[in-house]
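Undergrad: what follows is a predicted structure for the sequence shown.
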2 protein chains.
Amino acid sequence: MAKVTKLSGFPEWLPEGRIAELAVLDAARRVFELHGFSSLETRAVEPVEQMLRKGEIDKEVYLLRRMQAVEGEADPGIGLHFDLTVPFARYVVENAGQLEFPYRRYQIQKVWRGERPQEGRFREFTQADIDVVDRDTLAFHHDIEMAVVMAALLAELPIPRAVIQVSNRKLAEGFFVGVGADDAPAVLRTIDKLDKIGAERVAALLVAEAGLTLEAAQMCLRLAEIRTPDTSFVERVRALGVSNDLLDEGLDELAQVVSGANAVVDGSVVADLRIARGLDYYTGTIYETQLLGYESFGSVASGGRYDSLASDGRQTFPGVGISLGVSRLVAALIGRDLVTVSRSVPSAVLVAVIDEDGRRDSEAVAQALRARGIPCEVAPKADKFGKQIRHADRRGIPYVWFPDGDGDSVKDIRSGDQQPADPATWSPPPADLHPTVSPKIPQEEAL
Amino acid sequence: MAKVTKLSGFPEWLPEGRIAELAVLDAARRVFELHGFSSLETRAVEPVEQMLRKGEIDKEVYLLRRMQAVEGEADPGIGLHFDLTVPFARYVVENAGQLEFPYRRYQIQKVWRGERPQEGRFREFTQADIDVVDRDTLAFHHDIEMAVVMAALLAELPIPRAVIQVSNRKLAEGFFVGVGADDAPAVLRTIDKLDKIGAERVAALLVAEAGLTLEAAQMCLRLAEIRTPDTSFVERVRALGVSNDLLDEGLDELAQVVSGANAVVDGSVVADLRIARGLDYYTGTIYETQLLGYESFGSVASGGRYDSLASDGRQTFPGVGISLGVSRLVAALIGRDLVTVSRSVPSAVLVAVIDEDGRRDSEAVAQALRARGIPCEVAPKADKFGKQIRHADRRGIPYVWFPDGDGDSVKDIRSGDQQPADPATWSPPPADLHPTVSPKIPQEEAL
């Protein structure tokens, strides 16, 4: 292992970074389970033909082949999944006979995309998804629920304030058709480039490629400017004077999501008609999420309603879901120095070793502490106590335990305070039991 | 998604199976953290040249390529990792300047091997590893510690009794050299086939391919028969009359592990000189683990000491580790029907919905329960109560909550008992709060 190769786009964290990531993952699981979502893990691979049926991401799939594939062995035709929604839809169809519907699941896994890496965009990253699917029809209140659950999770994380932006495909498509577009999806894909190329070039593309009149293109751009924290977007869209049944349906749905979600988690959801989502399979509500002050990082939680992704030809399983971009979020927390991690190891206590013959006594102390749920480790060497204390200090372990036939003692190495202690009864304060991850106020914002 | 393809060797569980798997994963994390191991997650891919330097598993690696690789684009030369030890060694070398040594880490991730699938052998599976590495030298007591921590974990799992079998590469190699073998690793690889092809054919191979005399081959087979629950193996090896310095060193090390580990976790570790481990990188202690009564399932926890796996040419980081085969274990629990899972969802309570206008009241009850850590879900439809109760029953949710302006009530649907309740104060008994996974006594064993 003479040479070590960093692989661009495949992030790995140091121990403290991983603790920050675990804090996010643990919060996600806790919130999802509190809301009755079951855990699911699907295999990492899918048949390629399955993955390519939906979405425009065929360029980004990693294909697999066995290194020592036998001559004439058929290409297995499998690749790494690029999201968790397509595998989930496949799983639902495959196991429909053994699942209870509506089926509520969360899924926390890595996904892979062969994209060019850049800040916040990786080739391997972890997502935390929730989805609800039902047979034939899915009640609309789940579209509200997705925003509520994600807002509840975001509120628990040590992150800058997050705002979930919601829009609706029916609203957009109805509007585009209403202004004369023949190919509404093409308009949508062009509008999706607003952040990248700006309004002027989008307008030009809408005319040149999507076949709109200049006036219609301007209307679409005006629609994309509408962003309201409440249902007042409805009036603003109406004021543009476009009428279409699908538009009406979309307006009504979006109004329900914005008012319904803010009734539970006030101020966490806005209507934002600019958002479009790249994937083809969405059919109604769509979600993105910005961190206030860190908008350049991109959406940290996205998703939407998909009415026909999961289908075996006879039955259809409509669904709605939202996905937290864990790696992107953690990269922001670490890269922008937004959190403080209290220590780099789980141990609350280092049990000192007097001499190697006494190692078993130190182990017995550690076993007694562990039996009461206190994470600890035994010093690896019977060094001088000063050196053992430095061993703890370098890892941020707050307590060092000194076994002594005449009575043990434990030292808080932050304060220097040392007290007699019994391994059968002593506990650290609850705040010291596990590593903590807390938001750091950036210097410029701390007034 | 008209056709759904089952992929052989890529296991996926139904919701109850996943709950059994989570119970194993949660226990692993809890035990590892109690012993002061830090979490690490490495990327799923490694440079192929890195992976092939050690071990005989080059046939089994899955290589990756981007589906739409541009003409002339270099093959990235990356593949999916086949274990967690090689990636860990690479990570240690790559980040040595920022890690504290000895570095104790656990790692719970999927690995991939392009093997032919069979019972207990998958192409994608989850492992839960612990390892300790240090700079230059690693204290031997960690070889004992690995067995102790794994025994502590196995004792917490809802599984048949497990026994960790320990042997030592120095012992085996010293013995083989002592009986006249020129190529000790070749003898080891042949002995490793004992379970598959039997003693007679192994003896023949030892003579034909490893160049041993028939007498030496018989001696090697007699060594492999030795299995003792204590250090009495030392005398039995001595009785074979072979002498060699490396053998002595191995005997001493193995005696330390067996006596040291059983002093803490009595009866969970045996010396077993048959075990060999396929991987080339082990240099001393090696571990395997059998489930009593389910030996055919293969080892569920394996590992060993590797003194030179992690090295950048200037520095070496010796290590020792052991790995729980989570997927193999869970497949056994589910496939052999060894556990009972109390319910298929995290929800302890289903909050009934009187009518759709009252959904917000039901949501408010749910929010109050969740705020006190009680997982619950709201009924998806305002069906008749009988239907809502059946909805809970099918998922194993034990309680149904009935909101009522005149005073709520909660029903234990197992007993039928219904009581007035306040969402601000009511809690289920602790045993009902989360799904439980408990060992099932097979009919034939329940006397």
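TA: That came through, no problem.
Undergrad: contact partners of the host helix or strand of residue A:219?
TA: Here residue A:219 sits within helix A:214-224, counting by DSSP states H and E. In this structure, residues lying in contact with helix A:214-224 by C-beta atoms under 8 Å, 6 or more residues apart in numbering or on different chains are A:172, A:175-176, A:179-181, A:187, A:191, A:194, A:199, A:202-203, A:206-207, A:210, A:212, A:237, A:240, A:242, A:273-274. Using the backbone N, CA and C atoms, a C-beta is placed for each residue, glycine as well.
Undergrad: I'd like the next helix or strand past it.
TA: Using DSSP H and E, the helix or strand that follows helix A:214-224 towards the C-terminus is strand A:227-228.
Undergrad: whichever helix or strand comes after that following strand: how far from the chain's middle?
TA: Sequence order places helix A:233-238 as the next helix or strand after strand A:227-228, per DSSP H and E. The chain centroid and the centroid of helix A:233-238 are separated by 31 Å, computed with C-alpha atoms, centre = their mean, to the nearest Å.
Undergrad: now helix A:233-238: mean pLDDT?
TA: Mean per-residue pLDDT for helix A:233-238: 98.
Undergrad: the helix or strand following it close to chain B?
TA: Following helix A:233-238 in sequence order, the next helix or strand is helix A:245-264 (DSSP H and E). Yes: for helix A:245-264, a contact with chain B is found by C-beta under 8 Å from any C-beta of the partner chain, at A:263, A:264.
Undergrad: that older thread, show me which of the contacts of helix A:214-224 are buried.
TA: For these, a burial check counting by 16 or more other C-beta atoms under 10 Å in any protein chain shown picks out A:172, A:175-176, A:179, A:181, A:187, A:191, A:194, A:202-203, A:206-207, A:210, A:212, A:237, A:240, A:242, A:273-274.
Undergrad: among those, which are within reach of chain B?
TA: Restricting the buried ones among the contacts of helix A:214-224 to those touching chain B (C-beta under 8 Å from any C-beta) yields no residues.
Undergrad: so for residue A:65, what's the pLDDT?
TA: With respect to pLDDT, residue A:65 has a value of 87.
Undergrad: and if you look at the one 10 residues further on?
TA: Turning to residue A:75, the model gives it a pLDDT of 76.
Undergrad: that one touches residue A:66, doesn't it?
TA: No: if you go by C-beta atoms under 8 Å, residue A:75 and residue A:66 don't touch, sitting 9.8 Å apart.
Undergrad: how about the helix holding residue A:219 as CSV, C-alpha atoms only?
TA: Coordinates of each C-alpha in helix A:214-224 appear next as CSV, following Å, rounded to 0.1, in the frame of the first residue of the first chain:
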residue,chain,number,x,y,z
LEU,A,214,-41.5,35.8,-26.9
GLU,A,215,-44.5,36.9,-24.9
ALA,A,216,-45.3,33.4,-23.7
ALA,A,217,-41.7,33.0,-22.7
GLN,A,218,-41.8,36.2,-20.7
MET,A,219,-45.0,34.9,-19.0
CYS,A,220,-43.2,31.7,-18.0
LEU,A,221,-40.4,33.7,-16.5
ARG,A,222,-42.9,35.8,-14.6
LEU,A,223,-44.4,32.7,-13.2
ALA,A,224,-41.0,31.5,-12.0
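Undergrad: tell me the buried residues in it?
TA: Neighbour-count burial for helix A:214-224, with 16+ other C-beta under 10 Å as criterion, is recorded at A:216, A:217, A:218, A:219, A:220, A:221, A:223, A:224.
Undergrad: stretch A:95-104 near chain B anywhere?
TA: Yes: shown here: stretch A:95-104 in contact with chain B (C-beta under 8 Å from any C-beta) through A:95, A:98, A:99, A:100, A:102, A:104.
Undergrad: inside strands: which ones of these?
TA: Among these, the ones falling in strands (DSSP state E) are residue A:104.
Undergrad: mark which of the residues of stretch A:95-104 next to chain B are buried, thanks.
TA: The buried subset of the residues of stretch A:95-104 next to chain B - by 16+ other C-beta under 10 Å - is A:95, A:99, A:102, A:104.
Undergrad: looks like the third one contacts residue B:377 (just checking).
TA: No: Residue A:102 is not in contact with residue B:377 according to C-beta under 8 Å; the separation is 9.6 Å.
Undergrad: out of the residues of stretch A:95-104 next to chain B, which one sits closest to residue B:291?
TA: residue A:98 (26.8 Å; C-beta to C-beta).
Undergrad: report the buried residues of the helix or strand of chain A with the lowest mean pLDDT.
TA: Least confident helix or strand of chain A, by mean pLDDT, DSSP states H and E, is helix A:48-51 with a mean of 82. By neighbour count on 16+ other C-beta under 10 Å, the buried set for helix A:48-51 is A:48, A:50, A:51.
Undergrad: need the strands for the stretch 51-200 of chain A, in chain order.
TA: A:62-66, A:78-80, A:103-112, A:124-133, A:162-168 (DSSP state E, counting those that start in this stretch).
Undergrad: format those strands as TSV; extra columns: distance to residue A:266.
TA: Output for the strands of the stretch 51-200 of chain A, formatted as TSV (distance: least, C-beta to C-beta, whole Å):
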stretch	distance to residue A:266
strand A:62-66	42
strand A:78-80	40
strand A:103-112	24
strand A:124-133	21
strand A:162-168	12
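Undergrad: nearest to residue B:119, out of those strands?
TA: Residue B:119 lies closest, by C-beta to C-beta, to one member of the strands of the stretch 51-200 of chain A: strand A:62-66, at 20.9 Å.
Undergrad: who touches the closest one?
TA: Here strand A:62-66 makes contact (C-beta under 8 Å, 6+ apart) with A:45, A:48, A:73, A:75-76, A:78-80, A:112-114, B:59-67, B:80, B:114.
Undergrad: let's go with 7 Å and repeat that
TA: Contact with strand A:62-66 is made by A:45, A:48, A:75-76, A:78-80, A:112, A:114, B:62-67, B:114, as judged by C-beta atoms under 7 Å, 6 or more residues apart in numbering or on different chains.
Undergrad: select only the buried ones of those in ChimeraX?
TA: Selection of buried members from the contacts of strand A:62-66 for ChimeraX, criterion 16+ other C-beta under 10 Å:
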select /A:45,48,76,78,79,80,112,114 /B:62,63,64,65,66,67,114
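Undergrad: same list, the buried ones among the residues of stretch A:95-104 next to chain B, but as a markdown table with pLDDT and distance to residue B:260 please.
TA: Formatted as a markdown table, these follow (pLDDT from 0 to 100; distance: C-beta to C-beta, whole Å):
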| residue | pLDDT | distance to residue B:260 |
| --- | --- | --- |
| A:95 | 95 | 47 |
| A:99 | 96 | 48 |
| A:102 | 97 | 53 |
| A:104 | 98 | 48 |
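Undergrad: which one among those gets closest to chain B?
TA: Nearest to chain B among these: residue A:102, at 5.0 Å, using C-beta to the nearest C-beta.
Undergrad: gap between the closest residue to the closest one other than its chain neighbours and residue B:409?
TA: Distances taken as C-beta to C-beta, 6 or more residues apart in numbering or on different chains place residue A:134 nearest to residue A:102, at 4.1 Å, with adjacent residues excluded. Distance from residue A:134 to residue B:409, counting by C-beta to C-beta, to the nearest Å: 28 Å.
Undergrad: neighbour count winner among those two?
TA: residue A:134 (19 against 15; other C-beta atoms under 10 Å in any protein chain shown).
Undergrad: where does the prediction get shaky in the stretch 1-150 of chain A?
TA: In the predicted model of the stretch 1-150 of chain A, residues A:1-5, A:53-59, A:70-72, A:120 satisfy pLDDT under 70.
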